[in-house]
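S.K.: Take this sequence and fold it.
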Amino acid sequence: MKSNIMSIINNIITIIILILFCVVMYSVIFYKDSPYKGYNIVSESMYPEYNVGAFILSKKVDFDSLEIGDNIVFYSQSTMDSEDRERAVITHQIIEVLNEPGGVQYKTQGVNNNTPDAHPVTDGNYIGRIFFTADGLGYIFNDMKKIPFMITTGVLVLLLWFLPWIDKDAE
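M.R.: The predicted structure is shown next:
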């Protein structure tokens, strides 16, 4: 009897920790004003550095502190005035520092591309420097933005909680 109670308490604590982890990860990655931003790699422009479907996390660091070789995330210059700028996020590597009269700019290029990007990255379209990547997780985190994914995840957690086979001691 005592074993069953301890097992139930253990399951409750595990589920609470899992839910809290998911809430914290979701808020850190998708909160608009967070310095951390999460993205899914959708093209081969940065292969072999990042595979298609990889999840990357970027952090907004001081723009002037960036260096050649840093992998950064930025908005495409052609969509800066667009309402739909989230769709035009690019991940490329800094290949040259340009000291322009208006301030520092960076020339970028995908490591798998033959030519540099047409427009340099300015402080205005810079998002952050990549500090973390995980292959394959991009698809999962991309789906986390969708309500059906969150509902499905919640249902699965509840199913796992109520199914008797989760508690191996209850026989």
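S.K.: all contacts plus neighbour counts: C-alpha atoms, from now on.
M.R.: OK.
S.K.: Can you give the domain ranges for this protein?
M.R.: 1-34+137-171, 36-135 (automatic domain parsing).
S.K.: Low-confidence ranges, this structure, go.
M.R.: Scanning the chain for pLDDT under 70 picks out 1-2, 20-32, 78-87, 139-171.
S.K.: One more pass at 50, please.
M.R.: Scanning the chain for pLDDT under 50 picks out the ranges 166, 170-171.
S.K.: Show me which residues of stretch 119-137 are buried.
M.R.: Within stretch 119-137, the residues scored as buried using 16 or more other Cα atoms under 10 Å are Pro120, Val121, Thr122, Asn125, Tyr126, Ile127, Gly128, Arg129, Ile130, Thr133, Leu137.
S.K.: same thing with stretch 46-65?
M.R.: Result for stretch 46-65 [16+ other Cα under 10 Å]: buried residues 46, 50-60, 63.
S.K.: Give me the residues contacting it.
M.R.: Stretch 46-65 has contacts (Cα atoms under 8 Å, 6 or more residues apart in numbering) with 29, 35-44, 72-73, 91-92, 104, 110-113, 123, 126-139, 141.
S.K.: what do you get for stretch 106-114?
M.R.: 44-49, 91-98, 115-117, 119-122.
S.K.: and if we set it to 7 Å?
M.R.: 44-47, 92-98, 115-117, 120-122 (Cα atoms under 7 Å, 6 or more residues apart in numbering).
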